[in-house]
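In: Kindly return the folded structure for what I paste below:
(one chain, ligands or ions: 2)
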Amino acid sequence: MIGMDARFVGIAELVEAPSVAVVVDVMRAFTVAAWAFAQGAEKIVLSESLDDALALKTRHPDWVALKDGPPAAGFDMVNSPCLLRAADLRGRTVVQKTTAGTVGALAVKDAPLVLCAGFVVAEATARLLRTRKSDSVTFVVTGEDGQADEDLACAEYIACRSTDAEADASVFLSRAAKSRAAAELAEGVRQGVHPDDVALCLELDRFPFAMVAALEDSLMVLRPCAVPAQADAPGGPSTLRSNP
Ligand SMILES: O=C(O)[C@H](CS(=O)(=O)O)OP(=O)(O)O
Ligand SMILES: [Mg+2]
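Out: Ligands and ions are numbered 1, 2, ... in the order given. Take a look at the predicted model:
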């Protein structure tokens with residue numbers, strides 16, 4: 001793909017639904033989401049509020065409710081990739097509510113294509129954008145009113161990879177490693193944290209799938225989307241398992 005109009009905006013700057021939105025939350029919502037799929041989760045319902053998450057859990061006792069911050073009554077898990085990767089989530093539905101990531105995805109719920117991303121799914125996300133030949137993409141930088149450098153670095157890296165499959169990740173990963181979120185997670189300022197969370201959030205391309213969010217019966221539902229490695233190669237397949 002030659003050229004792509006990439007915008008990088010905070011959640012509050014969104015005025016209308018973009019045609020393609022990539023919502024980035026490296027630390028930690030979408031790293032956690034990717035691990036949930038790796039652990040077998042079928043889908044993740046992105047919840048508007050803690051009360052909505054608890055109401056969904058009451059209606060569906062077999063669903064797994066997950067929130068950021070400290071553990072809380074009614075919730076099964078916290079927003080930690082390391083703590084979550086020990087869980088068997090085969091066939092389960094997860095309900096996730098966090099401060100930044102889930103809010104960002106819900107802010108673009110009317111967009112025709114919403115991808116949720118972190119470094120762990122960066123290449124698959126970029127490959128999906130290359131496959132679709134998306135010429136205009138809005139990256140939602142979810143943390144710190146659009147200033148979170150781990151999210152901005154990841155968004156910029158995915159934008160680079162969307163037009164240049166050879167782009168080098170090291171500078172972007174280094175920025176994320178030095179971000180305020182990384183420091184706060186490492187120093188125990190944030191709660192519901194495992195010491196290995198930051199390292200897991202900085203694992204480049206840990207998973208081969210992208211993550212697509214779409215409205216299903218008025219709920220914003222995130223699902224993994226396989227993107228064949230050769231999908232963007234000349235003459236390669238262009239079909240995706242999901243239908244973004
Ligand atoms: O869980 C997280 O890392 C943050 C919340 S906090 O900053 O740790 O309190 O939420 P997220 O939406 O994943 O950025
Ligand atoms: Mg974050």
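
In: can we go C-alpha only for contacts and neighbour counts from here?
Out: Noted.

In: Would you map the helices across the protein?
Out: Using DSSP state H, the helices of the chain run over 29-38, 50-59, 81-84, 101-107, 122-132, 149-163, 170-177, 180-187, 197-201.

In: List the residues that contact the residue in the chain positioned nearest to ligand 2.
Out: Here the chain gets closest to ligand 2 at one residue, M27, 4.1 Å apart by CA to the ion. Remark: with contacts taken as CA atoms under 8 Å, 6 or more residues apart in numbering, M27 is in contact with 150-151, 181-182, 198, 201.

In: How many residues are close by M211?
Out: 25 (other CA atoms under 10 Å).

In: The closest residue to it other than its chain neighbours and F37, how far apart?
Out: Leaving out its chain neighbours, the residue that sits closest to M211 by CA to CA, 6 or more residues apart in numbering is P224, at 4.4 Å. According to CA to CA, to the nearest Å, P224 stands 7 Å off from F37.

In: Show me where this protein dips below the pLDDT cut-off.
Out: 1-2, 230-244 (pLDDT under 70).

In: near ligand 2, which residues of it?
Out: Residues of the chain lying close to ligand 2 (CA under 5 Å from the ion) are 25, 27, 143.

In: Show me what the residue nearest to S47 when sequence neighbours are not counted is bridged to.
Out: Once flanking residues are discounted, S47 sits nearest to K97: 5.2 Å by CA to CA, 6+ apart. Under the criterion DSSP bridges, K97 forms beta bridges with K67.

In: wouldn't K97 be in contact with D51 here?
Out: No: contact criterion CA atoms under 8 Å: K97 and D51 do not qualify, at 9.7 Å.

In: any chance of the helices of the chain in TSV, plus mean neighbour count and distance to P70?
Out: Compiled in TSV, these are given as follows (neighbours: other CA atoms under 10 Å; distance: least, CA to CA, whole Å):
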stretch	mean neighbour count	distance to P70
helix 29-38	26	14
helix 50-59	16	13
helix 81-84	20	13
helix 101-107	24	17
helix 122-132	25	28
helix 149-163	25	22
helix 170-177	17	23
helix 180-187	17	13
helix 197-201	22	15
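
In: I'd like those as a markdown table, with distance to R90 appended.
Out: What follows is those, written out as a markdown table (distance: least, CA to CA, whole Å):
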| stretch | distance to R90 |
| --- | --- |
| helix 29-38 | 9 |
| helix 50-59 | 17 |
| helix 81-84 | 13 |
| helix 101-107 | 22 |
| helix 122-132 | 22 |
| helix 149-163 | 29 |
| helix 170-177 | 31 |
| helix 180-187 | 28 |
| helix 197-201 | 21 |
